[in-house]
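> just coords:
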């Protein structure tokens, strides 16, 4: 399952993400991972969440992000949920690339029994039909 939380700056995406992260830790039996640019969520999420600062691993495009997530899974088959804060901050503001990544997450998640929740800073009114199905 892939869920996208999309909205413009200041619309409450991060607050909703934190809520979902903490619910996942309480309700899921596997490991929960959150990838973000920086360490802004450190004090907002449950201590059991594996917080990853994308800067530390130089994740700055879709290929690196896919490889990183694949490597996380290869190292820990117990990951049930991956949260990504600020997709466009990680891979750039290309909507087509963002949609491609979300579709990859769906395929990868289905094969490996993982869920994804991703925040995207963009106007939901201009989201493509391919992205709309994940909102």
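Arrived safely. No experiment lies behind these values; they were computed from the predicted model shown.
> For residue 34, pull up the helix or strand it's in.
Under the criterion of DSSP states H and E, residue 34 resides in strand 31-36.
> What pairs with whatever helix or strand comes next after that strand, parallel or antiparallel?
Following strand 31-36 in sequence order, the next helix or strand is strand 50-53 (DSSP H and E). Counting by DSSP bridges, the strands paired with strand 50-53 are strand 31-36 (parallel).
> List the contacts of the partner strand.
Outside strand 31-36, the residues that touch it by Cβ atoms under 8 Å, 6 or more residues apart in numbering are 21, 24-25, 41, 45, 48-54, 59, 65, 68-69, 72, 76, 78-86, 90. From N, CA and C alone the C-beta is placed, and that goes for glycine too.
> from those residues, which would you call buried?
Among those, the ones that count as buried by 16 or more other Cβ atoms under 10 Å are 21, 24-25, 41, 45, 49, 51-52, 54, 59, 65, 68-69, 72, 79-86, 90.
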